[in-house]
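Peer 1: Sequence and predicted structure, then a few things I'm wondering about:
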Amino acid sequence: MATRNEKDACDLLDADHRAVKKLFNQYEELAGSSAQRSMKQRVELAREICTQLAVHAQIEEEIFYPRLRAAFKKTDLLAEAAVEHASAKELIAQIESGDEPDEAFDAKVKVLGEYIDHHVKEERNEIFPKARSTRGLDLVAMREELAARKEELLAEHNQLAA
């Protein structure tokens with residue numbers, strides 16, 4: 001278990017949550033402006049949100065959740081998180097598809113933000129405290145593993161986008 005001053009896996013994941021929340025807030029400000037020129041900016045911002053969420057979900061699914069599943073006696077929270085990830089991925093795919101955003105583009109991004117808000121609350125209030133109180137989970141070492149994998153995935157994405 002981490003001491004108070006050591007950053008752990010939950011801290012890394014929560015930093016991702018806060019960063020993507022800022023992106024959603026920026027998107028909302030742009031969507032609220034009446035200028036049509038903001039559409040290009042909104043599309044770029046939506047794609048950044050989708051990239052960040054896809055990478056975040058992947059590191060949770062590859063590393064964080066499997067370790068918790070092995071350590072937790074009850075895994076119903078993790079099953080629910082998996083369903084939430086699937087719903088988010090479906091919306092991400094819709095947002096990323098096509099060159100021209102349709103009339104529902106802003107609504108899709110908004111609903112994705114609502115899904116993520118709900119998911120984050122459950123992780124912060126239920127999953128993270130349970131992980132931190134579970135013996136045998138080295139969340140500090142897991143943080144390093146998550147950070148390294150996140151860096152790899154972002155580099156891969158940047159190569160594909162270039």
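Peer 2: Cool, got the structure. Worth saying up front: this structure is predicted, and the values here are computed from it rather than measured.
Peer 1: what's the burial count for Arg124?
Peer 2: 14 (other CB atoms under 10 Å). Bear in mind the C-beta positions are built from the backbone N, C-alpha and C, glycine included.
Peer 1: Grab the nearest non-local neighbour of it.
Peer 2: In space, and not counting its chain neighbours, Arg124 is closest to Asp14: 6.6 Å by CB to CB, 6 or more residues apart in numbering.
Peer 1: and that neighbour, what does it touch?
Peer 2: Contacts of Asp14 were listed using CB atoms under 8 Å, 6 or more residues apart in numbering, and they are Glu123, Arg124, Phe128.
Peer 1: try Lys7
Peer 2: Lys7 makes contact with Val140, Arg143, according to CB under 8 Å, 6+ apart.
Peer 1: Just say helix, strand or coil for it.
Peer 2: coil (DSSP: H, G, I helix; E, B strand; the rest coil).
Peer 1: Likewise for the one 10 residues further on?
Peer 2: In three-state terms, and counting by three-state DSSP, His17 is helix.
Peer 1: Run a quick check on it versus Val120, I expect a contact.
Peer 2: Yes. The criterion here is CB atoms under 8 Å, and His17 meets it with Val120 at 4.6 Å.
Peer 1: picking that back up, which of the contacts of Asp14 fall in helices?
Peer 2: Counting by DSSP state H, these place Phe128 in helices.
Peer 1: Report the separation between Glu60 and Asp14.
Peer 2: For Glu60, the distance to Asp14 equals 12 Å [CB to CB, to the nearest Å].
Peer 1: where's the spatially most central residue of the chain, which helix or strand?
Peer 2: Nearest residue to the geometric centre of the chain (CA atoms, centre = their mean): Leu53, 3.7 Å. In this assignment (DSSP states H and E), Leu53 forms part of helix 38-59.
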